[in-house]
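Novice: Any chance you could fold what I've pasted below:
(2 chains)
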Amino acid sequence: MLTYLRRRILSSAIPLLVVVLGVFFLARLTGDPANLYLPLSATQKMREAFSAQHGFDDPLLVQFGDYLAQLAHLDFGESLRTAQPAAEAVLRAFPATLQLAGVTLLLAVAGAVVVGSLAAYRPNSPADRIASFLSSTAASTPDFWFAIMGVLVFAVTLDWLPTSGTVGSAAWVLPVATLLIRPFGVLVQVVRGAMVTALSEPYIKVARSKGAGERRVIFKHALRNAGAPTLTVAGDLAVGLINGAVVVETIFGWPGIGKLMIDSILQRDFAVLQAAVLLTALTIFALNLLIDVCYVLLDPRVRQGAMA
Amino acid sequence: MNGQATPGTAAGNGTALEVRDLSVELSTPQGPVRVVRDVGFEVRSGQTLALLGESGCGKSMTAQAVAGLLDPVAEVTDGQVRLQGRDILRLRRSDRRSLAGPELAMVFQDALTALNPVYTVGSQLAEPFRIHERASRRAAKEKAVELMERVGIPEPRLRAKAFPHQFSGGMRQRLLIAMAVALRPSVLLADEPTTALDVTVQAQIMELLAELRRETRMALVLITHDLAVVAEQADQVAVMYSGTIVESGPVAEVFAAPRHPYTRGLLDSVPAGHPRGSVLPSIQGSPPRPAAVPAGCAFRARCPLARDRCATDEPPLTDTGPGRASACHYWKELADA
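Specialist: Prediction:
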């Protein structure tokens, strides 16, 4: 298990390096920060001084080399906007994103397990048909549209919920609902499918032949077997939630890492952008590792393979 | 008891399981299909009844109907299942559930898929004690280890922590049997318990079942398509064809002098007793599809004795002698031959 984890961590170094490389060069295609930070009337001299001060006058490859050398010392550079360390800005924004994604994922998984299991218990029953229809509708709803409609109906017209911000539990409703709707729809279908399969396995009949009650049959014998496919998809969706937060955070003014990234791009705040992307990449990598560990815990047949 | 013929009339023991006029319907897109038709049999404590028939004849469906384990698409439409005299088909679900294990248990065919892959065998063997005796986790585990030892699993204490995929086919079947007999049921239904196994392992498993039957005096219903298994293991046999029983009686008598042309055909197609190199006789044709069982006798299209009457009158299972019954209009011709 430990050998396996070590191998996974080492093999992730290359993709991380690619991310660092990509963000560094792509960010610099967005334009010259001097245009943004200096007045329109700035002279060529002033522009050169600005560039020299922030190291933008070196050849790109030299800049990249310097950046890597800084990274090696865990120095993520300074924000152009605030002159504060980029790492601080990123770490300040990160909990807001994690909370939003965490609450959403928890609700999506818990809700999908209940709805999906009930739908799978009697395939093609009215309950199953309703669940299938609603979940496929949810799974194919574009989140930006849902967010805009949500704001229009519940914030503007009915005035029940705030349009943005993080103050009070009401502020959570629209962002969480927007992030939730698609993963919930997808997960209900995955849980349902996996549970239909699990419930038709012979070991379910055996459990019933031992006198196991329906709750034991569904939630002990079937659900754990339906866990692996659910986990795979939930993991993918969790990654999507961290990325998807960019849209939702921007729409609802949620002070998370997604909003920070958009702001940094608009402000040509390269150091902050790079740090934010790097942290997101690391989170996604950690998430995948966590999913692998969960697989091993869930299914003993994977355990042998992982040990080898 | 009414006058209807029922296999299993050996004297001296109480009837553990009695099935009467059992019918099962399957709902299909083309409408309901009767897959089990008026099946009846009885088994006494300590005895073995073999339910013999080819794939699709309804023998597994019969067993699942008796055990209350039919899939939602199948439904018992008629009949009685009396367990120690009580009609269990009329019981409430929870009452029925309380019998599953202590009174009526079942051994399934494919032991790999019948064991839950994500739980240790120890915890699965402990489950009957947890459910019915409300045993503590530790006490139930302890009983599971004893069970494993009883059915011949080496190093049971260590192996209880292993998962199903870490056992051989024969060992898995032993585990499944152990789980079924955990609470010493009065009736055990074994649905083709050895078909997935090697011949040598098959013999060991059958021996284990016979031992357990003698030890606990349970009644064993052995569902099989294997004539040799029936000859070696069973006291009584009920031959099923196209969803219904066509002949029944004590195994030795039925095999020595069958009174239904289908039984005769089955016995004739066993290689033993035919000269090597000669063409092995077989029953021509194939059974009717359950959705299209013709009027009259279901076997008539394949029957050497068939005549006009067979196309119109369905022969009922009738007594043909002490403990014997046949569903053929012309069984006497076989008996005389």
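Novice: Could I get the buried residue list for the one helix or strand B:Ala335 maps to?
Specialist: Take DSSP states H and E as the rule and B:Ala335 turns out to sit in helix B:331-336. For helix B:331-336, a neighbour-count test (16 or more other C-beta atoms under 10 Å in any protein chain shown) marks B:Trp331, B:Leu334 as buried. Quick note: C-beta positions are derived from backbone N, CA and C, even for glycine.
Novice: And for stretch A:215-234?
Specialist: Buried residues in stretch A:215-234, counted by 16+ other C-beta under 10 Å: A:216-218, A:220-231, A:233-234.
Novice: Reduced to three states, what does the residue most central in space within chain A come out as?
Specialist: Per C-alpha atoms, centre = their mean, the C-alpha nearest to the average position across chain A is that of A:Ile242, at 1.9 Å. Using DSSP: H, G, I helix; E, B strand; the rest coil, the structure places A:Ile242 in helix.
Novice: Which residues are in contact with the nearest residue in space to it that is not next to it in sequence?
Specialist: Nearest non-adjacent residue to A:Ile242, counting by C-beta to C-beta, 6 or more residues apart in numbering or on different chains: A:Ala101, 5.5 Å away. Listed by C-beta atoms under 8 Å, 6 or more residues apart in numbering or on different chains, the contact set of A:Ala101 reads A:Leu179, A:Ala238, A:Leu241, A:Ile242, A:Ala245.
Novice: who wins for neighbours among these?
Specialist: Greatest neighbour count in those, by other C-beta atoms under 10 Å in any protein chain shown, goes to A:Leu179: 30 neighbours.
Novice: ok, and the closest non-adjacent residue to it?
Specialist: Using C-beta to C-beta, 6+ apart, the nearest residue to A:Leu179 is A:Thr104, at 4.4 Å.
Novice: In contact with that neighbour, which residues are there?
Specialist: Going by C-beta under 8 Å, 6+ apart, A:Thr104 touches A:Val176, A:Leu179, A:Leu180, A:Pro183, A:Leu241.
Novice: among the residues you listed, which are in helices?
Specialist: With helices taken from DSSP state H, the overlap with the contacts of A:Thr104 comprises A:Val176, A:Leu179, A:Leu180, A:Pro183, A:Leu241.
Novice: Contact partners for the third one?
Specialist: Neighbour list for A:Leu180: A:Thr104, A:Leu107, A:Ala108 [criterion: C-beta under 8 Å, 6+ apart].
Novice: The residue in the stretch 101-250 of chain A positioned nearest to chain B and B:Lys332: what is the separation?
Specialist: Closest to chain B within the stretch 101-250 of chain A is A:Gly211: 3.8 Å, counting by C-beta to the nearest C-beta. According to C-beta to C-beta, to the nearest Å, A:Gly211 and B:Lys332 sit 47 Å apart.
Novice: can you check A:Asp263 too?
Specialist: Here A:Asp263 is placed at a distance of 98 Å from B:Lys332 (C-beta to C-beta).
Novice: How about A:Leu60?
Specialist: Separation of A:Leu60 from B:Lys332 (C-beta to C-beta): 103 Å.
Novice: Same check on A:Val20?
Specialist: Noted for A:Val20: a distance of 93 Å to B:Lys332, by C-beta to C-beta.
Novice: Same question for B:Arg37.
Specialist: From B:Arg37 to B:Lys332 the distance is 24 Å (C-beta to C-beta).
Novice: try A:Leu29
Specialist: Distance from A:Leu29 to B:Lys332, by C-beta to C-beta: 98 Å.
Novice: Show me where the stretch 151-300 of chain A has its helices.
Specialist: Remark: helices assigned in the stretch 151-300 of chain A by DSSP state H, counting those that start in this stretch are A:170-199, A:202-209, A:214-216, A:227-252, A:257-266, A:270-298, A:300-307.
Novice: Just put those helices in TSV and tack on mean pLDDT.
Specialist: Listed next are those as TSV, based on pLDDT from 0 to 100:
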stretch	mean pLDDT
helix A:170-199	92
helix A:202-209	94
helix A:214-216	91
helix A:227-252	86
helix A:257-266	89
helix A:270-298	88
helix A:300-307	67
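Novice: Redo the ones you listed as a markdown table? Include distance to B:Ser98.
Specialist: Putting the helices of the stretch 151-300 of chain A into a markdown table (distance: least, C-beta to C-beta, whole Å) gives the following:
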| stretch | distance to B:Ser98 |
| --- | --- |
| helix A:170-199 | 22 |
| helix A:202-209 | 13 |
| helix A:214-216 | 14 |
| helix A:227-252 | 30 |
| helix A:257-266 | 56 |
| helix A:270-298 | 32 |
| helix A:300-307 | 31 |
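Novice: what's the closest of those to B:Asp319?
Specialist: Among the helices of the stretch 151-300 of chain A, the nearest to B:Asp319 by C-beta to C-beta is helix A:202-209 (33.7 Å).
Novice: Which strands or helices does the closest one pack on?
Specialist: Judged by 3 or more C-beta pairs under 8 Å, 6 or more residues apart in numbering or on different chains; DSSP states H and E, helix A:202-209 is in contact with strand B:104-107, helix B:111-114, helix B:169-181.
Novice: closest to A:Ser136 out of those?
Specialist: helix B:111-114 (30.5 Å).
Novice: burial measure for B:Phe53, as a count.
Specialist: Check again: residue B:53 is Gly, not Phe. Counted with other C-beta under 10 Å, B:Gly53 comes out at 26.
Novice: quick one: pLDDT of it?
Specialist: pLDDT recorded at B:Gly53 is 92.
Novice: repeat for B:Met218
Specialist: pLDDT recorded at B:Met218 is 94.
Novice: For the closest residue to it other than its chain neighbours, give me its contacts.
Specialist: With C-beta to C-beta, 6+ apart as the criterion, B:Met218 has its nearest non-adjacent residue at 5.2 Å, and that residue is B:Leu188. By C-beta under 8 Å, 6+ apart, the contact list for B:Leu188 reads B:Ala105, B:Met106, B:Val107, B:Ala180, B:Val181, B:Leu209, B:Leu212, B:Arg213, B:Met218, B:Ala219, B:Leu220, B:Val221.
Novice: Buried ones from those, can you make that a PyMOL selection?
Specialist: Buried residues among the contacts of B:Leu188 (16+ other C-beta under 10 Å), as a PyMOL selection:
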select buried, chain B and resi 105+106+107+180+181+209+212+213+218+219+220+221
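Novice: which one of the contacts of B:Leu188 is nearest B:Val73?
Specialist: Within the contacts of B:Leu188, proximity to B:Val73 (C-beta to C-beta) peaks at B:Met106, which comes in at 19.2 Å.
Novice: and the gap between that closest one and chain A?
Specialist: 5 Å (C-beta to the nearest C-beta, to the nearest Å).
Novice: Repeat that for B:Leu22.
Specialist: Counting by C-beta to the nearest C-beta, the separation of B:Leu22 from chain A is 18 Å.
Novice: Can you check the pLDDT for that residue?
Specialist: Looking at B:Leu22, its pLDDT is 96.
Novice: before we move on, what about B:Gly3?
Specialist: Looking at B:Gly3, its pLDDT is 41.
Novice: How about the contacts made by residue 84?
Specialist: Just so you know, I chose chain A. By C-beta under 8 Å, 6+ apart, the contact set of A:Gln84 is A:Glu78.
Novice: Actually, chain B is the one I wanted.
Specialist: B:Gly14, B:Ala16, B:Glu103, B:Ser186.
Novice: A:Asn35 too?
Specialist: So A:Asn35 contacts nothing (C-beta under 8 Å, 6+ apart).
Novice: and if we set it to 10 Å?
Specialist: A:Ala42, A:Arg47, A:Arg268 (C-beta atoms under 10 Å, 6 or more residues apart in numbering or on different chains).
Novice: my read: A:Phe279 touches A:Pro95, true?
Specialist: For the record, residue A:279 is Leu, not Phe. No. Taking contacts as C-beta atoms under 10 Å, A:Leu279 lies outside contact range of A:Pro95: 11.7 Å.
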